[in-house]
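1. Just a sequence and a predicted model for now, questions to come.
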Amino acid sequence: MRKASKKRAVLALLSVLFATCALTVATAEFFFGAKDSTVTISQEEYDRLKRFERLDTMLMMVESMYYEEPDVDAMLEYAAIGLMFGLDDPYSYYYTPEDYAAMEESVEGTYAGIGTQLIVDPNDYLMTVTRVFKGSPAEEAGVLAGDKIIGVDGVGYTGYEQNQAVAAMRGEPGTEVTITVARGEETMDIVVRRAQIEMNYAEYEMLGDIGYVIVYDFMGDAVDGFKEAVAYFREQGAKGMILDLRSNGGGLVTDAVQIADVLLPEGVIVSTEDRYGNRTEERSDADMLGLPLAVLVNGYSASASEIVAGAIKDTGVGTLVGEKTFGKGIVQAVYPFTSDGAGIQLTVARYFTPSGVCIHGVGIEPDVEVVQPEDVELRYGINNIPREKDVQLQTAFEVVQELIEQEDAA
């Protein structure tokens with residue numbers, strides 16, 4: 001397998017060329033203008049161009065002296081990837097046009113691939129499987145939640161190259177892809193046959209007189225599915241509710257805010273702050289569900305799911321059950337390049353819970369800590385544990401029952 005470190009080194013070497021080449025095109029007359037042409041620029045613009053002078057010289061050397069005709073477009077593509085890599089932020093990266101299209105497919109909920117949900121673990125910067133979709137090719141091939149995907153078809157990847165790895169795992173339904181996973185101390189190759197994946201982001205049912213809804217990610221049909229669940233619980237006369245955010249790696253802040261608004265009283269849901277100190281707030285209205293509530297979380301509950309969990313904990317409208325959350329307290333924005341369909345994802349702000357806490361790198365402690373037995377989690381995956389073995393869900397059920405009894409007594 002080709003090692004990811006070598007790939008990262010190549011990307012780092014090429015990273016700065018992206019800005020250089022862009023400036024070269026934009027200011028061609030400044031550097032190589034016609035004899036009778038002059039261009040007037042500000043001192044600030046001149047100083048900025050001077051920063052890239054050596055890199056521009058390098059590019060010209062490659063174009064004029066490389067032993068074969070160079071593929072400059074490919075160089076620019078890798079340079080763009082490497083430029084974002086220089087931030088040392090696994091959540092900021094460049095989308096090729098193909099990557100961007102794949103990302104939009106994921107948000108919409110339909111794509112051709114293997115059927116896994118991933119998050120980048122900041123402890124090792126590896127892609128970690130947080131959900132294996134039921135009936136998916138990945139489930140049939142034996143991929144488990146918690147597996148670390150470190151290679152695709154013999155090419156090594158880290159979380160820094162997540163877009164490229166995801167693109168490599170996707171392809172025509174019926175074709176095969178080999179993924180290399182690290183599972184504990186063991187490394188193995190798993191052959192998966194791609195298929196059309198239809199992702200549902202919310203599932204719900206009644207557990208006795210308590211409504212139970214899982215939100216897997218805050219995108220696609222998550223908001224509609226959650227509101228449909230709440231309406232169903234009301235029709236069934238539910239006396240309480242369990243919201244399962246275990247292994248929910250995040251998604252769209254707007255979707256998280258809409259779901260939180262259903263559960264919270266009037267007030268701040270989340271606030272964000274950029275590098276310049278500019279703050280924005282997302283608020284809930286006075287209309288709320290008002291049922292006794294427990295929220296299930298674990299170490300892969302991240303980002304937007306922590307916005308919801310943090311707001312629920314701070315306002316006291318529900319009880320968090322499970323394990324400390326992931327600790328991703330930063331917000332990304334996606335900026336498309338309309339010229340060719342590419343784009344970038346960039347970390348633009350930190351977010352704060354209603355009490356003013358930034359949980360980045362810290363996480364949120366549950367009110368009731370319950371650790372899932374390791375053998376159960378490894379055997380079934382995080383989201384596929386049978387009810388009779390799911391001690392976290394059982395505890396959440398007991399918590400809600402107790403809250404119902406207290407409410408009835410009052």
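-> Right, received. Where do you want to start?
2. What helices and strands are in contact with the host helix or strand of residue 94?
-> Residue 94 belongs to strand 93-95 when elements are defined using DSSP states H and E. Contacts defined by 3 or more C-beta pairs under 8 Å, 6 or more residues apart in numbering; DSSP states H and E place strand 93-95 against helix 72-85, helix 162-169, strand 342-352. Using the backbone N, CA and C atoms, a C-beta is placed for each residue, glycine as well.
3. any idea of the angle the last one forms with helix 162-169?
-> Just to be clear, that refers to strand 342-352. Here the directions of strand 342-352 and helix 162-169 differ by 130 degrees (axes from the mean of the first three to the mean of the last three C-alpha atoms, to 10 degrees).
4. ok, and for strand 342-352, which residues are buried?
-> 342, 343, 344, 345, 346, 349, 350, 351, 352 (16 or more other C-beta atoms under 10 Å).
5. thinking again about what came up before, quick one: average pLDDT of the strand holding residue 94?
-> Averaging pLDDT along strand 93-95 yields 92.
6. Sheet partners, orientation included, of that strand?
-> strand 342-352 (antiparallel) (DSSP bridges).
7. Touching the strand holding residue 94 from outside, list them.
-> Identification of contacts with strand 93-95 by C-beta atoms under 8 Å, 6 or more residues apart in numbering yields 80-81, 83-85, 103, 160, 162-163, 334, 342-345.
8. can you put these in CSV and add pLDDT?
-> Supplementary listing: the contacts of strand 93-95 in CSV, determined by pLDDT from 0 to 100:
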residue, pLDDT
80, 88
81, 89
83, 88
84, 92
85, 91
103, 83
160, 87
162, 88
163, 84
334, 95
342, 94
343, 96
344, 96
345, 96
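9. filter the residues you listed to the buried ones?
-> The buried subset of the contacts of strand 93-95 - by 16+ other C-beta under 10 Å - is 80-81, 83-85, 103, 160, 162-163, 342-345.
10. Greatest separation within these: which pair is it?
-> Pairwise distances across these (C-beta to C-beta) peak at 18.4 Å, for the pair 83 and 103.
11. Where does pLDDT dip in this structure?
-> 1-37, 109-110, 377-384 (pLDDT under 70).
12. can we see that at 50?
-> In the predicted model, the chain carries pLDDT under 50 at residues 1-34.
13. Longest helix of it, counting residues only.
-> Taking DSSP state H as the criterion, the chain has its longest helix at helix 391-409.
14. what separates that helix from the chain centre, distance-wise?
-> Averaged C-alpha coordinates place helix 391-409 at 31 Å from its chain's average position (C-alpha atoms, centre = their mean, to the nearest Å).
15. can you list contacts of it?
-> Applying C-beta under 8 Å, 6+ apart, the set of residues contacting helix 391-409 is 207, 209-210, 212, 239-242, 244, 246, 292-296, 298, 319, 321-322, 368, 370, 372-373, 385, 387.
16. among those, which ones are buried?
-> Judged by 16+ other C-beta under 10 Å, buried ones among the contacts of helix 391-409: 210, 212, 239-242, 244, 246, 292-296, 298, 319, 321-322, 370, 372, 385.
17. Which of the residues you listed fall within strands?
-> 210, 212, 240-242, 244, 293-296, 319, 321-322 (DSSP state E).
18. got those as a markdown table, with distance to residue 200 columns?
-> Converted to a markdown table, those look like this (distance: C-beta to C-beta, whole Å):
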| residue | distance to residue 200 |
| --- | --- |
| 210 | 21 |
| 212 | 15 |
| 240 | 24 |
| 241 | 19 |
| 242 | 18 |
| 244 | 14 |
| 293 | 22 |
| 294 | 22 |
| 295 | 20 |
| 296 | 18 |
| 319 | 26 |
| 321 | 24 |
| 322 | 22 |
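19. Show me which of these is closest to residue 281.
-> residue 295 (21.8 Å).
20. Flag every buried residue along the helix or strand where residue 232 lies.
-> Assigned by DSSP H and E, residue 232 belongs to helix 222-235. For helix 222-235, the buried set under the neighbour-count rule, 16+ other C-beta under 10 Å, comprises 222, 223, 225, 226, 229, 230, 233.
21. then it to PDB, C-alphas only?
-> This file holds the C-alpha atoms of helix 222-235, laid out as PDB (Å, rounded to 0.1, in the frame of the first residue of the first chain):
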ATOM      1  CA  ALA A 222     -33.500  14.700   9.000                       C
ATOM      2  CA  VAL A 223     -35.800  17.700   9.800                       C
ATOM      3  CA  ASP A 224     -38.800  16.300   8.000                       C
ATOM      4  CA  GLY A 225     -38.200  12.800   9.600                       C
ATOM      5  CA  PHE A 226     -37.900  14.300  13.100                       C
ATOM      6  CA  LYS A 227     -41.000  16.400  12.800                       C
ATOM      7  CA  GLU A 228     -42.900  13.400  11.300                       C
ATOM      8  CA  ALA A 229     -41.800  11.400  14.400                       C
ATOM      9  CA  VAL A 230     -43.000  14.100  16.800                       C
ATOM     10  CA  ALA A 231     -46.400  14.200  15.100                       C
ATOM     11  CA  TYR A 232     -46.600  10.400  15.300                       C
ATOM     12  CA  PHE A 233     -45.700  10.400  19.000                       C
ATOM     13  CA  ARG A 234     -48.500  12.900  19.600                       C
ATOM     14  CA  GLU A 235     -51.000  10.800  17.700                       C
END
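22. Alright, I will stop here.
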